[in-house]
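**Q** I need the structure of the sequence given here:
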Amino acid sequence: MTPTPTRAPDAIALLAQARALRGVRLGDLAAELDVPEPTRLGAAKGWAGELLERSLGASAGNDAEPDFPALGVELKTIPLGPNGRPVESTWVTRVPLDPVGAGLAWSDSAVGRKLACVLWIPIEIDRAGPAHGRIGTPCLWRPDAAELATLQSDYEDLMSMILLGHVDAIDARRGDALQIRPKGRDASSTAPAIGHDGRAARTGSRGFYLRPSFTQLVLRRCLAAPGLSAPQG
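**A** Numbers count the residues shown, from 1 in each chain. You can find the predicted model right below:
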C-alpha cells in the first residue's frame with residue numbers, strides 16, 4: 001500500500017515521504033492513485049513525474065515556481081539505465097525569450113529558483129515498459145559552490161546570446177551543465193523573441209535541460225549525503 005498524498009511540513013519530511021516509496025513499481029503506484037498507464041510510448045513522457053507529484057502532493061500550477069512553493073523544492077524524476085546512469089537530459093523549465101524574461105538575473109530566474117533545491121527521484125527503468133519501472137532512492141539536493149557557479153555561468157552565457165538576438169545560433173552543445181534545446185509539440189509551437197536586428201520576432205519554443213553528465217555527478221554526491229546535500233542559506 002502506498003502512502004496517502006499529504007502536504008509535507010518541511011523539506012526533510014518531504015524527503016522521508018518520498019523515500020517511503022522506494023522500490024514501488026510505477027504501475028502499482030498508478031493503480032493506487034487511479035491514474036491510467038500510458039498506452040503509447042510518446043504518452044509516457046512525463047508520466048512518472050506526474051505520478052510522483054500527485055503522490056507527494058506537489059501544488060505548483062505555475063511553471064515558473066518550484067513544485068512545492070511553500071518549501072522552495074522542485075521535484076525531478078530521473079530515469080536510470082541498468083548501469084545506474086541517467087539515460088537522458090533532465091527538463092527544468094521553459095526559456096524566457098522576451099527581453100524582460102531574458103534579462104533576469106540567475107537568482108530571480110525561474111530556472112535558478114527551481115534548481116535552488118531539488119528532490120531527485122531516480123526511476124529504474126525496465127524494458128518491459130514505463131509501468132514496470134521502479135522508484136529508486138530519493139535525495140534532496142542543493143547546489144554546492146562549484147555546481148552553482150557552473151549553472152550560473154551557463155545561464156548567463158545562454159541568456160546573453162538571447163538578449164543579443166542570437167537565439168537561433170544556440171544549440172545543445174553550448175553549456176557545461178545547463179543547455180537549451182527546442183521544446184514544443186511540433187514546429188508550430190513558437191514564442192516571442194528578440195530578432196537579430198533587435199526587433200520583436202518569433203521563434204520556436206525552447207527549454208532548459210540539465211546534461212546527463214552533470215546529473216550523474218549530482219546524484220552521486222546527493223545520495224552520499226544525509227538529508228540536505230548542502231547547508232541552507
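
**Q** Can you point out the helix or strand that includes the most centrally placed residue in the chain?
**A** Within the chain, one residue has its C-alpha closest to the average C-alpha position: by CA atoms, centre = their mean, that is V92, at 3.6 Å. Secondary structure assignment for V92, by DSSP states H and E: strand 90-94.

**Q** and the worst-scoring helix or strand of the chain on mean pLDDT, how far out from the chain's middle?
**A** Per-element confidence for the chain was summarised using mean pLDDT, DSSP states H and E. The lowest value among helices and strands belongs to strand 190-194, with a mean of 79. How far strand 190-194 lies from its chain's middle: 22 Å, per CA atoms, centre = their mean, to the nearest Å.

**Q** which other helices and strands contact that strand?
**A** helix 145-163, strand 200-204 (3 or more CB pairs under 8 Å, 6 or more residues apart in numbering; DSSP states H and E). Backbone N, C-alpha and C define where each C-beta goes, glycine included.

**Q** Export only the CA atoms of stretch 120-139, formatted as CSV.
**A** Listed next in CSV are the C-alpha coordinates belonging to stretch 120-139 (Å, rounded to 0.1, in the frame of the first residue of the first chain):
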residue,chain,number,x,y,z
TRP,A,120,15.6,13.9,-7.1
ILE,A,121,13.7,10.7,-7.5
PRO,A,122,15.5,8.1,-9.6
ILE,A,123,13.4,5.8,-11.7
GLU,A,124,15.0,2.4,-12.5
ILE,A,125,13.6,1.9,-16.0
ASP,A,126,12.5,-1.5,-17.3
ARG,A,127,12.5,-2.6,-20.9
ALA,A,128,9.0,-4.1,-20.4
GLY,A,129,7.5,-0.6,-20.3
PRO,A,130,7.1,2.5,-18.2
ALA,A,131,4.7,0.8,-15.7
HIS,A,132,7.4,-1.7,-14.8
GLY,A,133,9.9,0.9,-13.7
ARG,A,134,10.7,1.1,-10.0
ILE,A,135,11.3,4.1,-7.8
GLY,A,136,14.9,4.3,-6.6
THR,A,137,16.3,6.2,-3.6
PRO,A,138,15.2,9.8,-3.5
CYS,A,139,17.6,12.5,-2.3
